[in-house]
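K.L.:
Need a 3D model of the sequence below.
(chains A and B)
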Amino acid sequence: MSTAVAQKRGLGAMIWDYLTTVDHKKIAHLYLVSGGLFFLIGGLEAMIIRIQLMKPDNNFISAGLYNEMITMHGTTMIFLAAMPLIFALMNAVVPLQIGARDVAFPFLNSLGFWLFLFGGLMLNVSWFTGGAPDAGWTNYAPLSTTSPGHGVDYYVMGLQISGAGTLIGGINFLVTIVNMRAPGMTYMRMPLFTWSVFVTSTLILFAFPALTVGLFLMMFDRMFGSAFFDVGLGGNVIIWEHLFWIFGHPEVYILILPLFGAFSDIFSTFSKKRLFGYSAMVFATVLIGFLGFMVWAHHMFTVGMGPIANSIFAVATMAIAVPTGIKIFNWLFTMWGGQIKMTSAMLWSIAFIPSFTIGGMTGVMLAAAAADYQYHDTYFVVGHFHYVIVGGVVFGLFAALHYWWPKMFGKVLNEKLGKLAFWPFFIGFHLTFFIQHFLGLMGMPRRYWVFMEGQGLDTGNLISTIGAFLMAIGTIIFLTNVIYTSVKEKKVSGDPWDGRSLEWSIPSPPPHYNFVQTPLVRGLDPLWVEKMDGKEGMTPAEPLGDIHMPNASILPFTISLGTFIAGFGFIYQVDDPVWLIAVFAGMGLTLGSMLTRSVKDDLGHHIHKEDLEEDIKKGAGK
Amino acid sequence: MRGWMGKFRSLFLFGALTMLLTGCGIENISALKPKGYGSELLFDLMLISIAIMIFVFVIVMAIYAFVLLRYREKKGQEHIVPKQTEGNKALEVIWTVIPIILLLVLAIPTVQATFDLADQSTQGDEGVITIDVTGNQYWWQFDYSDEEISTSQELYIPTNERVYLNMKSSDVIHSFWVPAIAGKMDTNPGENMNTMYLEAYEEGVYEGFCAELCGPSHSLMYFKVVAVSPDKYDQWVEDMKNIDPEATPETASAQEGQELFNNNCMSCHAIGGASAGVGPNLGNFGNREKIAGILEPSKENLVDWIVHPDEVKPGNSMPSELVTEEEAGKIADYLLELKHSDVGTELPVQNAEE
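P.N.:
Down below sits the predicted model:
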């Protein structure tokens, strides 16, 4: 047999393996790759936007295409890049941090991913079928309900499908963290990353249904002739704004909290200190999650809710600054008195503090309801939320990827290239977005396709575009690093950072079943506790025995594929009832797959003690 | 008349901040060069919040810089294990309580300003002007219902007087924003009517924007607020009331243009009077600062706009090529002759960098 054939079979087997996997570590890879690809698409859209705004009265792209660009940039970055990349981290790390062998519902985990991916693909197919959604990522009615073509239909169906995936993922992690912790891993011993994922999952559970409801109303308005948002027939357009932001505001905490958790772990590891004020940090995380639900209407100060509602939401919003401040100070004091090691992961985290603080401060300024009459829907807001989302979420993703890369792939990302990627991105980020605060106040509204000459906005926009190019350069260097590392770098041990939490007590990448024996947790930073007692690794909580693991399954893929097909049917049955065939075929595939899942016994498989002993000889024990 | 914060401006920090910020932007456009009651009140609120935020930022950055300089691991220290501090209750209390106090300092003027700007106590009083504002894709209609006149694209108001705006939209959501004299307010379709007020301190032509995404030409939906002294304002109202749409223009070309206009355009447009129909009321068109809110007022531009409106403002509802280029030239001659009131024309337009 020639090697080419062997490789081909190898590739086919690998694809099949990933299509059917229910292993949280492989699902993390899937989320990482697809989220990364969508991040690049969203980034490309951002570059097109910045090129269009490079100079006044520019005609690089048309007005209609520009609106599609901004809509897809926002939607892609939030739903298809940031969310899956966070899910990649959650999948890669949380079960390891709590000493579990998988998540609570491995099948659902896979289903969540495939729903997200097909939803995301659906959204992006719109580029090739006559135009992407163009009503902004907030999709306000009636602009969205009256938008011609099928762009907004793709928005509705794509987000509905991927949103279901996210909801499933959130529930899964909630149950995982409640039920699957190793002996001794009490709530108040969980690493901050796990804590923040716990709170985030709760937010997903309560926030996403609001979006689902909103999307259903819009779907029926656009496809089945209802009139929830049609003022001519007694509907009301403000309902959409409320539903969207009841979801949309918690969504920003869904994005940032896991990275707050990651930063906490990183600061603590690279300062060689336990997290300062652990319980205050947990309390602050929970409080941010709770308050996150009380403030949605601060996105709507100019809608005309009246001074009482505006004041209440203003004060509630300001209150969020308090727990966020607690976090910033506790991070600083974690480093205080420590031994700060400036790795790439730490560099991104260090850069996060001033960047996010600025974003938080402009957030408080925006919370001042009356002043928001000037800021609202201007570049000031654009500057603000990029400071929190890029300065917080994207910096956090880079930091966390550098930090957990060895755990996911067994190799440390090249440090030199890591730092080389950081500087252009960091400088470019501040160049791009700092000036935008001023542009907004000088009279540049958000989502403007062109700005006029003579309004004093030329220089600021040019600087902003230059910064965007620097960010693109940083991203390209990071990608180069990923390729370079996978080709050139050597494998490292399971604990390259002198880690503190459980994931560093097992090999990198971890074996299929994670822990040969479930570890016994004896305190916060369990691995550190053992290290300080002079032990090599964790003390097992159980004797060596057979391990029960779930079986792989193609059904999550087919269930999701069915919704994807049905989605097209729903969109195009408006034009031609023939498309109802796609609805029935798609739903048939989905429901049929579900039925198969229900009636077919799938009891999983066991990894036997003898095999484990073999593995231990190869080093799986630690 | 000045904002309630005026006397504190002289304080050093505020003085410096004010100087710094007011250096930004162009007069009559920028929110950082306030020229009205609302914008000044909001500018003061911005200054308070910026001052508090800078105070917090300086403290955070001081600790940050100290920590990074002092506690970086040096060569040979790799094996030192620092003391594992659990936390510090006193510190936690400090950085919880102080921010709460700072936020209260900000919350009080915020609530005051929010209620102040929502005040409608004098609306409907004798002599208080209320104007109905309607946002349309992609133009603004202003109805002075008490006077039975209406305009489009240019909102005339008297200076140093509170003018109420009742705002709604005829299609999608828009947002009315005049940064130099007030904040913004959305115009919603349907029952959700909003009210805000304007008060300009100085005469001037102020730039206005649509601030809520409303379709492809969202970024081309400019308007002007023309603030003139109360006397001039009364004169303008008088002029507008006296518009005679049947008046015969001077040149032959313009007369033909009037004929063409009446036959082709009047089903949507109006000249003078209270109603504006489907399209903008073109009263006093010859004195407008801009055509369609964006083009310089030349015959060439106007012809271009009449024949190919979709190329100028993508997605707008004026039909393309309704008349030939030649006919459009005559209509342009007619429209540019419509100079019903010269109030406000003497004001400099702050639209070029000086």
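K.L.:
Which stretches in chain B count as helices?
P.N.:
For chain B, helices defined by DSSP state H occupy the ranges B:12-22, B:37-70, B:89-117, B:230-241, B:252-264, B:299-307, B:309-312, B:325-336.
K.L.:
mind saving the C-alpha coords of the fourth one as CSV?
P.N.:
Below are the C-alpha coordinates for helix B:230-241, written out as CSV (Å, rounded to 0.1, in the frame of the first residue of the first chain):
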residue,chain,number,x,y,z
PRO,B,230,-37.3,86.0,17.6
ASP,B,231,-38.0,89.1,15.5
LYS,B,232,-36.5,87.4,12.4
TYR,B,233,-38.3,84.2,13.2
ASP,B,234,-41.6,86.1,13.2
GLN,B,235,-40.7,87.6,9.9
TRP,B,236,-39.9,84.1,8.5
VAL,B,237,-43.2,82.8,9.7
GLU,B,238,-44.9,85.7,8.0
ASP,B,239,-43.0,85.0,4.8
MET,B,240,-43.8,81.4,4.8
LYS,B,241,-47.5,82.0,5.3
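K.L.:
one step back: out of the helices of chain B, which one sits most buried?
P.N.:
When the helices of chain B are scored by mean count of other Cβ atoms under 10 Å in any protein chain shown, the highest mean neighbour count falls to helix B:325-336 (a mean of 21). For the C-beta atoms, the positions are set from N, CA and C on the backbone; glycine is no exception.
K.L.:
quick one: which of the helices of chain B has the weakest pLDDT on average?
P.N.:
Ranked by mean pLDDT, the helices of chain B bottom out at helix B:12-22, which scores a mean of 71.
K.L.:
OK, now which residue of chain B is nearest to chain A?
P.N.:
Nearest to chain A, among the residues of chain B, is residue B:183, at 2.4 Å (Cβ to the nearest Cβ).
K.L.:
Retrieve the pLDDT associated with that residue.
P.N.:
You'll see residue B:183 listed with a pLDDT of 92.
K.L.:
can you put the helices of chain B in a markdown table and add distance to chain A?
P.N.:
As requested, those are exported to a markdown table (distance: least, Cβ to the nearest Cβ, whole Å):
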| stretch | distance to chain A |
| --- | --- |
| helix B:12-22 | 8 |
| helix B:37-70 | 4 |
| helix B:89-117 | 4 |
| helix B:230-241 | 25 |
| helix B:252-264 | 26 |
| helix B:299-307 | 14 |
| helix B:309-312 | 10 |
| helix B:325-336 | 22 |
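K.L.:
and residue B:161, which of these is closest to it?
P.N.:
Using Cβ to Cβ as the criterion, the shortest distance between residue B:161 and the helices of chain B is 6.5 Å, found for helix B:230-241.
K.L.:
which helices and strands does the closest one pack with?
P.N.:
When contacts are defined as 3 or more Cβ pairs under 8 Å, 6 or more residues apart in numbering or on different chains; DSSP states H and E, helix B:230-241 packs onto strand B:149-152, strand B:154-158.
K.L.:
Can you give the distance of that helix from its chain's centre?
P.N.:
A distance of 22 Å separates the centroid of the chain from that of helix B:230-241, by Cα atoms, centre = their mean, to the nearest Å.
K.L.:
I'd say residue B:340 and residue B:243 touch.
P.N.:
Yes. Look at residue B:340 against residue B:243 with Cβ atoms under 8 Å: they come within range, at 5.0 Å.
K.L.:
Quick check: neighbours shared by the two?
P.N.:
Overlap between the contact sets of residue B:340 and residue B:243, as judged by Cβ atoms under 8 Å, 6 or more residues apart in numbering or on different chains, is given by B:272, B:283, B:284.
K.L.:
can you count the residues close to residue B:128?
P.N.:
Residues within reach of residue B:128, counting by other Cβ atoms under 10 Å in any protein chain shown, total 14.
K.L.:
mind pulling up the phi and psi values for it?
P.N.:
With angles defined as degrees, to the nearest 10, residue B:128 sits at phi -90, psi 130.
K.L.:
List the contacts of it.
P.N.:
Residues in contact with residue B:128, defined by Cβ under 8 Å, 6+ apart, are B:122, B:162, B:164.
K.L.:
And the helices in the stretch 251-400 of chain A, which stretches?
P.N.:
Remark: helices of the stretch 251-400 of chain A, listed N- to C-terminal, are A:278-291, A:307-335, A:344-367, A:369-375, A:379-388, A:395-409; assignment by DSSP state H, counting those that start in this stretch.
K.L.:
residues contacting the residue nearest in space to the middle of chain B?
P.N.:
The centre of chain B sits closest to residue B:178, judged by Cα atoms, centre = their mean, with a distance of 1.8 Å. Taking Cβ under 8 Å, 6+ apart, we find residue B:178 in contact with B:36, B:184, B:198, B:206, B:207, B:208, B:209, B:225.
K.L.:
Stretch A:58-72 and chain B in contact?
P.N.:
Yes. Interface with chain B: stretch A:58-72 contributes A:62, A:63, A:64, A:66, A:67 (Cβ under 8 Å from any Cβ of the partner chain).
K.L.:
Hmm, the fourth one is touching residue A:49, no?
P.N.:
Yes. Between residue A:66 and residue A:49 a contact is recorded at 7.3 Å, counting by Cβ under 8 Å.
K.L.:
Which one's more surrounded, those two?
P.N.:
Neighbour tally, residue A:66 and residue A:49, criterion other Cβ under 10 Å: the higher count belongs to residue A:66, 24 against 19.
K.L.:
Quick check: that one is in a helix.
P.N.:
Yes. Under DSSP: H, G, I helix; E, B strand; the rest coil, residue A:66 sits within a helix.
K.L.:
ok, it to residue B:214 distance?
P.N.:
14 Å (Cβ to Cβ, to the nearest Å).
K.L.:
now residue B:318
P.N.:
When Cβ to Cβ is the yardstick, residue B:318 and residue B:214 sit 16 Å from each other.
K.L.:
coming back round to it: please identify which of the contacts of residue B:128 is nearest to residue A:187.
P.N.:
Using Cβ to Cβ, residue B:164 is the member of the contacts of residue B:128 that sits closest to residue A:187, with 55.7 Å.
K.L.:
show me what contacts the closest one?
P.N.:
With contacts defined as Cβ under 8 Å, 6+ apart, residue B:164 is in contact with B:120, B:123, B:128, B:129, B:130, B:131, B:195, B:196, B:197.
K.L.:
So for the third one, what pLDDT did the model give?
P.N.:
Listed pLDDT for residue B:128 reads 94.
K.L.:
sorry, back to before: possible to save the helices of the stretch 251-400 of chain A as TSV with mean neighbour count and mean pLDDT?
P.N.:
Output for the helices of the stretch 251-400 of chain A, formatted as TSV (neighbours: other Cβ atoms under 10 Å in any protein chain shown; pLDDT from 0 to 100):
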stretch	mean neighbour count	mean pLDDT
helix A:278-291	20	96
helix A:307-335	22	96
helix A:344-367	23	96
helix A:369-375	29	96
helix A:379-388	23	97
helix A:395-409	25	97
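K.L.:
Need those helices in TSV (columns: distance to residue A:53).
P.N.:
Converted to TSV, the helices of the stretch 251-400 of chain A look like this (distance: least, Cβ to Cβ, whole Å):
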stretch	distance to residue A:53
helix A:278-291	33
helix A:307-335	29
helix A:344-367	20
helix A:369-375	19
helix A:379-388	10
helix A:395-409	24
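K.L.:
Distance to chain B added to those helices, as TSV?
P.N.:
Formatted as TSV, the entries for the helices of the stretch 251-400 of chain A read as follows, by distance: least, Cβ to the nearest Cβ, whole Å:
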stretch	distance to chain B
helix A:278-291	5
helix A:307-335	4
helix A:344-367	4
helix A:369-375	2
helix A:379-388	9
helix A:395-409	15
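K.L.:
quick one on the thing from earlier: now a ChimeraX select for only the buried ones of the shared contacts of residue B:340 and residue B:243.
P.N.:
The following ChimeraX line selects those of these that are buried, judged by 16 or more other Cβ atoms under 10 Å in any protein chain shown:
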select /B:272,283,284
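K.L.:
Kind regards, and thank you for your time.
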